[in-house]
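Chemist: no sequence on this one, just coordinates:
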């Protein structure tokens, strides 16, 4: 089964590194979006997970992207250097990974998001709710 993941990140090198890690671990990156309009182009794609940064090319639009994706049933994990901006989290989203993160935490977060009943969350994934 192919797991389709969207990366919403405006820092090119970070996005490419995430894509490489995910694809090296057998996941499919459906695309990289750098702002809200670019992310909206993927909203109709079959997505199994989205990693969403908070501050993007068009400002603090990551939380809105996360809300829209989660309301359509896509699991969302925020990934940011500023997790405090999320307060107690955003309803319907899973949690937040603090940047910088490493390959082990990124892959563990995917595994947790895909099968939350069977997997333990990675230690660096702060869960909401």
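Modeler: Sure, I can see it. Please read these numbers as outputs of a predicted model, since none were measured by experiment.
Chemist: all contacts plus neighbour counts: C-alpha atoms, from now on.
Modeler: Noted.
Chemist: How about the secondary structure of residue 104?
Modeler: Of the three states, residue 104 takes helix according to DSSP: H, G, I helix; E, B strand; the rest coil.
Chemist: so what pLDDT did it get?
Modeler: At residue 104, the model reports a pLDDT of 95.
Chemist: any idea which element the residue sitting nearest the centre point of the chain lies in?
Modeler: The chain has residue 51 as the residue nearest its centroid, 1.1 Å off, counting by Cα atoms, centre = their mean. Taking DSSP states H and E as the definition, one finds residue 51 inside strand 49-52.
Chemist: so what does that strand touch, helix or strand wise?
Modeler: strand 4-8, helix 62-71, strand 76-80, helix 103-114 (3 or more Cα pairs under 8 Å, 6 or more residues apart in numbering; DSSP states H and E).
Chemist: Would you format these as CSV with distance to residue 24 included?
Modeler: Shown next, in CSV, are the helices and strands packed on strand 49-52 (distance: least, Cα to Cα, whole Å):
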stretch, distance to residue 24
strand 4-8, 13
helix 62-71, 25
strand 76-80, 19
helix 103-114, 10
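Chemist: got CSV for these, with distance to residue 33 and mean neighbour count too?
Modeler: Formatted as CSV, these follow (distance: least, Cα to Cα, whole Å; neighbours: other Cα atoms under 10 Å):
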stretch, distance to residue 33, mean neighbour count
strand 4-8, 5, 24
helix 62-71, 10, 20
strand 76-80, 14, 25
helix 103-114, 18, 18
